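**Q** sequence first, then the predicted structure, then my questions.
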Amino acid sequence: MNKRLSFLLLIVLPIVALVKSFASLDWKISLGYLLVVSLITYAAYWHDKRRAQTGGWRIPENTLHLLELLGGWPVAFLAQQVLHHKRAKQSYRILYWLIVAAYQLVAIDYLLNWRMAGSVLGK
């Protein structure tokens, strides 16, 4: 599948959930937060790629995953494609895709008024 199409399909549910949440959140703060996390995530990927090429100190994978978990996963996807970085190591990719899947599930559950979480919690 085309990488651009894959990316667009991955961000649809989280964007719809985010727009729905704007009714209860300050949208300026939410977008500002996402912008900052996105910039930091891309910069971290770029820095790690450069260090990998020059043999310098690398950013720990756990740090990159934390940035993805904090909301930087869409930019991490783009950085992986543009910078050709972190695309081959299977263990890294598995955790990355688990984070993406978690975002998809949370977005679906939010859009369904937390029905899945409610059934798990017995509500």
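**A** The structure has been received and is ready for your questions. Residues are numbered from 1 along each chain as shown.
**Q** OK, contacts around G118?
**A** In this structure, G118 makes contact with no residue, judged by Cβ atoms under 8 Å, 6 or more residues apart in numbering. No exception for glycine: its C-beta is placed from N, CA and C like everyone else's.
**Q** need the helices for the chain, in chain order.
**A** 3-21, 27-54, 61-67, 73-83, 90-111, 115-120 (DSSP state H).
**Q** tell me the contacts of the spatially closest residue to Y33 that is not a sequence neighbour?
**A** Nearest non-adjacent residue to Y33, counting by Cβ to Cβ, 6 or more residues apart in numbering: G71, 7.1 Å away. Taking Cβ under 8 Å, 6+ apart, we find G71 in contact with 33-34, 37-38.
**Q** repeat for F7
**A** By Cβ under 8 Å, 6+ apart, the contact set of F7 is 74, 77-78.
**Q** mind doing that once more with 10 Å?
**A** F7 makes contact with 74, 77-78, 81, according to Cβ atoms under 10 Å, 6 or more residues apart in numbering.
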